[in-house]
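In: fold the following and give me the result.
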Amino acid sequence: MLVKPRIAWITANRSCNFRCLWCYGRGEKFDSSQTLSWELALKLLAIVRQLGIKNLIIIGGEPTVWKHLLEFNKQCHQEEIQTTLVTNAYQFSNDDFWARYQVSPNDKISPSIKAFDKESAKKLAQIPDFEMAREGLRRILQKFDCGVSFVLNSFVKDDLVRLAQFAKSCGAPRIS
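Out: Sure thing, here's the model as predicted:
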């Protein structure tokens, strides 16, 4: 019996607007040259289609800084492949990006929170502007029926309640 995959993951890039202490991208110095080209993205999409996969998860780095994200979303939609975006939500606070994103959104979104206040944002993830991160998360939670996730690690192990409280204050109905 052959195994038929149901979901595929695509890593769009290694670049990111955060610098989380636990991120695997640190090992590659968030190298912006390690970005999925449009040509390779289309080849991978063809493989996904040939395998009969109908669900695609897009990860990074941070996929919202991948220059082909919106075009890729549109292509997937045309090919009836559902996409889930895993994101830190920061770009969604940018009004221009938000307007363009709404024209070619993902079918689902999975925001991942990294901090719960300005101090933890600076210490844990070097987030440029915590309020923008909060606003981006709120926008996502208002538009999509989704919860939030966070990575359980030694840096946040004592702050799980605060992370959960922050997620709830932004409107998250569930946490992973």
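
In: can you give me the helices for this structure?
Out: With helices called from DSSP state H, the chain shows them at 38-50, 69-78, 95-103, 118-120, 130-143, 160-169.

In: what about the first one, average pLDDT?
Out: When pLDDT is averaged along helix 38-50, the result is 96.

In: same check, this time on the fourth one
Out: Mean pLDDT, helix 118-120: 96.

In: show me which residues of stretch 65-79 are buried.
Out: Using 16 or more other CB atoms under 10 Å as the test for burial, stretch 65-79 gives 65, 66, 68, 69, 70, 72, 73, 75, 76. Yep, even glycine has a C-beta here, placed from its N, CA and C like the rest.

In: picking up where we left off before, now the helices of the chain as TSV including distance to residue 5?
Out: Formatted as TSV, the helices of the chain follow (distance: least, CB to CB, whole Å):
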stretch	distance to residue 5
helix 38-50	9
helix 69-78	16
helix 95-103	28
helix 118-120	37
helix 130-143	27
helix 160-169	31
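
In: who wins for proximity to residue 88 among those?
Out: Set against residue 88 and scored by CB to CB, the helices of the chain come closest in helix 130-143, at 7.1 Å.

In: ok, back up a step: I'd like to know which of the helices of the chain is closest to residue 10.
Out: By CB to CB (comparing all of the helices of the chain), the closest turns out to be helix 38-50, at 5.9 Å.

In: just the CA trace of the closest one, in CSV.
Out: Extracted in CSV, the C-alpha atoms of helix 38-50 (Å, rounded to 0.1, in the frame of the first residue of the first chain):
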residue,chain,number,x,y,z
TRP,A,38,9.7,32.0,-7.7
GLU,A,39,10.8,29.4,-10.2
LEU,A,40,11.6,26.8,-7.5
ALA,A,41,8.3,27.7,-5.7
LEU,A,42,6.4,26.8,-8.9
LYS,A,43,8.4,23.6,-9.3
LEU,A,44,7.6,22.6,-5.7
LEU,A,45,3.9,23.5,-6.3
ALA,A,46,3.9,21.2,-9.4
ILE,A,47,5.3,18.3,-7.2
VAL,A,48,2.6,19.0,-4.6
ARG,A,49,-0.1,19.0,-7.3
GLN,A,50,1.3,15.7,-8.8
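
In: contacting residues for the spatially most central residue of the chain?
Out: Residue closest to the average C-alpha location in the chain (CA atoms, centre = their mean): residue 87, at 1.6 Å. Contacts for residue 87 (CB atoms under 8 Å, 6 or more residues apart in numbering) come out as 62, 63, 64, 109, 110, 111, 112, 140.
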